[in-house]
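Q: Below is the structure, and that's it, no one-letter string:
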């Protein structure tokens, strides 16, 4: 379909963008920020959104690119998924981001879709919000008033709603490096190659000698926002990744038991693809696979 | 209305466009470039894939105003005179199409894939074309065609640029 009519504003700088957004908010105008447009344009075309104006940040020279900043990697909001995937810093220092980004849509969409756009869009079926939550990323946002930081645990407020206030834009995200001993995996279940996740699991697991020292697990599409599987995280601590009692029928796989609580505290949606109880089942099974892969 | 300048298949156009005009509609309805079809209309199928500043993009999910100042190459801009692009020849040789609706997008996505991976495995071709759907289930021949084109382009020492001069 053809989108409903809207005005188009292309600010020349981030400062101008913040000013335009603040003025629009003061005037009560419904404006949307456009970056790569790979989530927004389908929404406009399906007429699920009717903004009065789009503020196009897609051509701004910054904030763009990946920067190694010692204890964390800073990813500029306008960095495309394709640029994230090509970044050696991402692959080596924050591999969970690379693993999840590789599952986002398809190459043509990744050429235009942006890292920051995916975060701010706050789609619970998006892959990157779960990564941000699992790694306790910090969101850096700017408005005409200045900059502020929002922890990932507070950034995803509700379905398609982030904590960005009126007149605020996302500058980028600090992705912590977790250091040695950590393993990572992103496990995604979807119907077709480039489709959204029916359920996804972002897992970071630290091995402490022969046991699991710490596990961080965030779930995609198990509620209106991404959600941490806290019960499973707690249950995994101190477990041996290997089955107890060796191989065979008598062996008890404690990791599998711990992952059986992965859906605890979630409120998965019902849609065309899955009912809530099926999503709960998927969350348990996929969390097990993700933890196994991350400790493997 | 915004005025944009966009180069399509080597020709530069200046157009006044409504902000909501999609790139694919600019190409088809304004510029007559009907070689690029509209498929699913929701960025799933990839039939409308073109090169936008040298990289594949789904033209149903790009506003014409976003392409201001850009270089676009469509399926119609691949041939040199009467000579088809090696990817077009390979699709013909391997009969990599039935109804042909997905073919323009498949060819553009395949050329983009070879820029990163000049000799892709079967699996790499399937991964690289994951954003392009063929409803005639012709994927086997499409994969063969892409690998054939890769060989032919390597033998000819050809890293053919699809960006127009």
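A: In hand now; what should we look at? The structure presented is a predicted model; accordingly, all values stated were derived computationally and were not measured. Residues are numbered from 1 along each chain as shown, chains lettered A, B, ... in the order given.
Q: any idea what the residue in the stretch 151-296 of chain A that chain B sits nearest to is structurally, helix, strand or coil?
A: Proximity of the stretch 151-296 of chain A to chain B (CB to the nearest CB) peaks at residue A:193, 3.8 Å away. Every C-beta, even on glycine, is put in place using the N, C-alpha and C of the backbone. Taken by DSSP: H, G, I helix; E, B strand; the rest coil, the conformation at residue A:193 corresponds to coil.
Q: and chain B, which residues reach chain A?
A: Taking CB under 8 Å from any CB of the partner chain, the part of chain B that reaches chain A is made up of B:2, B:18-20, B:22, B:25, B:41-44, B:46, B:49, B:52, B:55-58, B:60-63, B:65-66, B:109, B:112-113, B:128, B:130-132.
Q: Nearest to chain A: which residue in chain B?
A: residue B:131 (2.6 Å).
Q: Distance of the residue of the stretch 151-296 of chain A closest to chain B relative to residue B:71?
A: Distance check for residue A:193 against residue B:71: by CB to CB, to the nearest Å, it reads 28 Å.
Q: Tell me which of these two has more neighbours.
A: For the pair residue A:193 and residue B:71, the greater number of neighbours falls to residue B:71 (20 against 15), based on other CB atoms under 10 Å in any protein chain shown.
Q: The nearest residue to the more buried one once chain neighbours are set aside: what secondary structure?
A: Using CB to CB, 6 or more residues apart in numbering or on different chains and skipping the chain neighbours, the partner closest in space to residue B:71 is residue B:7 (4.8 Å). Following three-state DSSP, residue B:7 is assigned to strand.
Q: if we can go back for a sec, taking the residues of chain B next to chain A one by one, which sit in strands?
A: With strands defined by DSSP state E, the entries of the residues of chain B next to chain A inside them are B:49, B:52, B:55-58.
Q: quick one: which two of these are the most distant?
A: Checking these against each other with CB to CB, the farthest-apart pair comes out as B:55 and B:58, at 11.3 Å.
Q: Mutual contacts of those two, please.
A: When CB atoms under 8 Å, 6 or more residues apart in numbering or on different chains defines a contact, the residues bordering residue B:55 and residue B:58 alike are residue A:108.
Q: Please identify which of these two sits among more neighbours.
A: residue B:58 (34 against 17).
Q: list the contacts for that one?
A: Residues touching residue B:58, when contacts are defined by CB under 8 Å, 6+ apart, comprise A:108-109, B:43, B:46, B:48-49, B:105, B:131.
Q: Who is it paired with across the strands?
A: In this structure, residue B:58 has the following beta-bridge partners (DSSP bridges): residue B:49.
Q: Quick check: the residue nearest to the spatial centre of chain B vs residue A:82, distance?
A: With distances taken as CA atoms, centre = their mean, residue B:108 lies nearest the centre of chain B, 2.6 Å away. Counting by CB to CB, the gap from residue B:108 to residue A:82 is 16 Å.
Q: show me what contacts the spatially closest residue to residue B:102 that is not a sequence neighbour?
A: On the basis of CB to CB, 6+ apart, the spatially nearest residue to residue B:102 that is not a chain neighbour turns out to be residue B:134, at 4.6 Å. Contact criterion CB under 8 Å, 6+ apart gives B:97, B:102, B:106, B:142 as the residues in contact with residue B:134.
Q: host element of residue B:134?
A: Counting by DSSP states H and E, there is no helix or strand that carries residue B:134.
Q: Now the phi/psi pair for it, please.
A: Dihedral pair for residue B:134: phi -120, psi 120, per degrees, to the nearest 10.
Q: Residues contacting the strand or helix carrying residue A:32, please?
A: When elements are defined using DSSP H and E, residue A:32 is found to belong to strand A:31-34. Strand A:31-34 is contacted from outside by A:9, A:17, A:20-21, A:24-25, A:40, A:49, A:51-58, A:120, A:169, B:63, B:66, using CB under 8 Å, 6+ apart.
Q: Can you pull out the low-pLDDT segments for chain A?
A: Screening chain A residue by residue with the criterion pLDDT under 70, one finds the ranges A:243-251.
Q: can you map out the strands along it?
A: Counting by DSSP E, residue ranges of the strands within chain A are A:7-9, A:31-34, A:53-56, A:66-68, A:72-76, A:138-143, A:146-151, A:156-158, A:161-162, A:169-176, A:182-189, A:199-208, A:211-220, A:227-228.
Q: which one of those strands lies closest to residue A:126?
A: When the strands of chain A are ranked by proximity to residue A:126 (CB to CB), strand A:211-220 comes first, at 7.1 Å.
Q: What residues sit buried inside the closest one?
A: Neighbour-count burial for strand A:211-220, with 16 or more other CB atoms under 10 Å in any protein chain shown as criterion, is recorded at A:212, A:214-220.
Q: one step back: need the nearest residue in space to the residue of the stretch 151-296 of chain A closest to chain B, chain neighbours excluded.
A: residue B:130 (3.8 Å).
Q: List the buried residues for the longest helix anywhere in chain B?
A: The helix of greatest length in chain B, counted in residues with DSSP state H as the criterion, is given as helix B:139-155. Buried residues in helix B:139-155, counting neighbours by 16+ other CB under 10 Å, are found at B:139, B:141-150, B:153.
Q: Show me what it is packed against.
A: Helices and strands in packing contact with helix B:139-155 are listed as helix B:86-93, helix B:103-116, helix B:122-128; criterion 3 or more CB pairs under 8 Å, 6 or more residues apart in numbering or on different chains; DSSP states H and E.
Q: where are the low-confidence patches of chain B?
A: Using pLDDT under 70 as the threshold, the predicted model of chain B has low-confidence ranges B:158-165.
Q: In the record's domain split, what are the boundaries for it?
A: Under the assignment automatic domain parsing, the domains of chain B span B:3-77, B:86-155.
Q: which residue sits closest to the closest residue to chain B within chain A, ignoring its sequence neighbours?
A: Residue nearest to chain B within chain A (CB to the nearest CB): residue A:106, separated by 2.6 Å. Setting aside the residues directly before and after it, residue A:106 is nearest to residue B:131 in space (CB to CB, 6+ apart), at 2.6 Å.
Q: and the strands of chain A, which is most packed in?
A: Stretch with highest mean neighbour count among these: strand A:199-208 (a mean of 26; mean count of other CB atoms under 10 Å in any protein chain shown).
Q: Tell me how far it lies from the chain's centre.
A: A distance of 14 Å separates the centroid of the chain from that of strand A:199-208, by CA atoms, centre = their mean, to the nearest Å.
Q: and that strand, what does it pack onto?
A: In this structure, strand A:199-208 packs against helix A:95-101, helix A:128-134, strand A:182-189, strand A:211-220, helix A:276-295, with contacts taken as 3+ CB pairs under 8 Å, 6+ apart.
Q: again, only using 6 Å
A: Packing contacts for strand A:199-208, counted by 3 or more CB pairs under 6 Å, 6 or more residues apart in numbering or on different chains; DSSP states H and E, involve helix A:128-134, strand A:182-189, strand A:211-220, helix A:276-295.
Q: Switch the ones you listed over to TSV; also include distance to chain B.
A: Output for the helices and strands packed on strand A:199-208, formatted as TSV (distance: least, CB to the nearest CB, whole Å):
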stretch	distance to chain B
helix A:128-134	18
strand A:182-189	13
strand A:211-220	19
helix A:276-295	19
